[in-house]
Structure formats: structure tokens, C-alpha cells
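Participant: Turn this into a structure:
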Amino acid sequence: MKFSHLARLAGITLLAGTLAACMDVDMDIEILTAETGKATMTMTVDSQTYQMISSQDDSDFCDEGEIVENEDNVQCVDVKEGTFAEIFESSDPEEETPSIEDLGGGKVRVNFPTGDLAASMGEDAGDDPQMQAMMASMFEGKNLSISVSGGEILETNMELSEDGSRATLTIPFVDMMNGEVDVPEDAYAVIQLP
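Facilitator: Down below sits the predicted model:
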């Protein structure tokens, strides 16, 4: 599960043309212990889009996950559980990945390097105004969502759930492509494990 690739999912939808844009991406990190966690990445597309993507010979929509077909959409659900090093393994040593720091006393700090996400998405759109307009219309209303859970959230710069058990950062794809998204350089949460 490559964290930096989340913002590059536009390329997958471009394989199937302009109707292939109905994709939401959710990444949820559940902290199990100070050293281990469970990461679930879910990509959701409408059923018509899935048919178009899956008809492509070189489609890699769900290479590592499990396909879940619902009434009006199809999800690719990829679950990884283990140490944080295993979950966020990267073949590129220069790639920024989430970091988890054991603060002691059952407290863990999770950092997501979000500052480069907008820049990465903007690079995929390129300098061509027509390509930018096409991608913007394709991704209208679609979001990248990053969540962390696993205990009581003590501190965060993300949106906190009412019960204080989940912190979420939701980023509209269109805003990322237009460079209009206001995200922190690092999204973080400090969690008190049970």
C-alpha cells in the first residue's frame, strides 16, 4: 500500500475515458498497538465505471485488493495488517510514508505527510487546460479521505468524530488538481490506546 500513490489514482480512471471518474478513495489506519496496525484502503467506483475499467487489458484497478460488488457501486478493498514498517513498505527510499511514534504511556502519534498530495495530483493534470478541465469534471464530488482510529484521540489537526474515536482528513480531488486545497504539511493525531 503506497501512501504517495493515493493522489495518482487519476491515471487509473483515465484508462477508461471521461466516464471513468466516479472514484472515492478512503484510507483508514487502525492503531492496534504501539508497533502494529491495520490499514484499509477502499476505492469506490460506480458500476458502469467498473465495467469500463475492467474491460481494459492493462487495468490495475484492484491488483492487490478484494472486489466487493454492491447494488450501485464496486469497491476495491485492500487490507494490510502488521507492523507499521510492513504496512507502509515502500520500494522507493525517498518516498514519504506515514510515521507512527510511540510516545509512551499507551500514547501513539500518527503523522501523514499530506503536503505533497496536492502537488502530485496537479502534476498528473499537466499544463494542458483541456486535460485539466476534463479531469476536474471527472473528479467533481470525489474525495480522498484519510482516517485514523484505535483509541481516544487526544489531539489532532484533522476533523474529530463526535465520540472522539476517529480523526479524518477529507480532501476533494478537484481542489487538489486546482492547487486550491488547504491541507497541513502533516496531518496528525495523538491516540491513547485502550
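Participant: where does this structure have low pLDDT?
Facilitator: By pLDDT under 70, the low-scoring segments of the chain are 1-22, 57-59, 91, 116-128, 131-132, 134-138, 177-179.
Participant: element containing the spatially most central residue of it, please.
Facilitator: The chain has Met27 as the residue nearest its centroid, 4.4 Å off, counting by Cα atoms, centre = their mean. For Met27, the host element (DSSP states H and E) is strand 23-31.
Participant: neighbouring contacts of that strand?
Facilitator: With contact meaning Cβ atoms under 8 Å, 6 or more residues apart in numbering, strand 23-31 is reached by 1, 3, 6, 9, 12-13, 37-45, 49, 87, 98, 100, 108, 110, 139, 142-151, 191, 193. Bear in mind the C-beta positions are built from the backbone N, C-alpha and C, glycine included.
Participant: ok, which stretches of this protein are helices?
Facilitator: Secondary structure of the chain, counting by DSSP state H: helices at 10-14, 47-54, 84-87, 117-125, 129-138, 173-178.
Participant: Can you report how many residues lie near the closest residue to Thr36 other than its chain neighbours?
Facilitator: Computed as Cβ to Cβ, 6 or more residues apart in numbering, the closest residue to Thr36 that is not its neighbour in sequence is Thr83, at 5.6 Å. Neighbours of Thr83 under the rule other Cβ atoms under 10 Å: 13.
Participant: What distance do you get for Thr83 to Gly37?
Facilitator: Distance, Thr83 to Gly37, using Cβ to Cβ, to the nearest Å: 8 Å.
Participant: Val74 too?
Facilitator: Applying Cβ to Cβ, the value for Val74 to Gly37 is 26 Å.
Participant: Repeat that for Ile153.
Facilitator: According to Cβ to Cβ, Ile153 stands 15 Å off from Gly37.
Participant: Tell me the buried residues in stretch 41-55?
Facilitator: For stretch 41-55, a neighbour-count test (16 or more other Cβ atoms under 10 Å) marks 41-46, 49-50, 52-53 as buried.
Participant: Among those, find me the one that's closest to Glu162.
Facilitator: For the buried residues of stretch 41-55, the closest approach to Glu162 (Cβ to Cβ) belongs to Thr42, at 22.0 Å.
Participant: hey, what's the nearest residue to the closest one once chain neighbours are set aside bridged with?
Facilitator: Nearest non-adjacent residue to Thr42, counting by Cβ to Cβ, 6+ apart: Asp26, 4.6 Å away. Asp26 has these beta-bridge partners by DSSP bridges: Thr42, Ser145.
Participant: Run a quick neighbour tally on Asp26.
Facilitator: So Asp26, with other Cβ under 10 Å, has 19 neighbours.
Participant: I'd like the distance between it and Gly164.
Facilitator: Taking Cβ to Cβ, one finds Asp26 at 20 Å from Gly164.
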